[in-house]
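Peer 1: Pasting the sequence and the predicted model now:
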Amino acid sequence: MPWNECKPMDERLRLIARLLEVEKMAPLCREFGISRVTGYKIFDRYKACGLDGFHDRSKAPYRQANKLPFHVERAILGIKKEYPFRGAPKIRDKLIREYR
């Protein structure tokens, strides 16, 4: 007999259906094997987005914390093009001297 395949979206839908039948959150979360925080997160997403809230969301960051501003990046690449054998410390020193 093959294993029953369950999809996360189907499980979330079953959880919400049972919550809407006025079952308690804590026992349902124990039954589904998730934390109450996750259960409330799924329920809040359902209230905010409807059925679209069941789909997995991207985990990619919205921005890169250490990304340089565009003009600084262009300046570094310009110096690197002009002096291809210079390393990062020399390029940094040149930038500091030029833009002080």
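Peer 2: Happy to help now that I have it.
Peer 1: Now name the helix or strand holding residue 89.
Peer 2: Taking DSSP states H and E as the criterion, residue 89 maps to helix 88-98.
Peer 1: for the lowest-mean-pLDDT helix or strand in the chain, packing partners?
Peer 2: In the chain, no helix or strand scores lower on mean pLDDT, DSSP states H and E than helix 8-20, which sits at a mean of 89. Packed against helix 8-20, as judged by 3 or more C-beta pairs under 8 Å, 6 or more residues apart in numbering; DSSP states H and E, are the following elements: helix 25-32, helix 36-49. To be clear about C-beta, it is placed using only N, CA and C from the backbone, and glycine gets the same treatment.
Peer 1: Dump those helices to JSON lines, plus distance to residue 58.
Peer 2: Rendered in JSON lines, the data for the helices and strands packed on helix 8-20 read as follows (distance: least, C-beta to C-beta, whole Å):
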{"stretch": "helix 25-32", "distance to residue 58": "23"}
{"stretch": "helix 36-49", "distance to residue 58": "14"}
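Peer 1: SS state for the residue positioned nearest the centre of the chain?
Peer 2: By C-alpha atoms, centre = their mean, the chain has its centre lying nearest to residue 59, at 2.3 Å. Following DSSP: H, G, I helix; E, B strand; the rest coil, the label given to residue 59 is coil.
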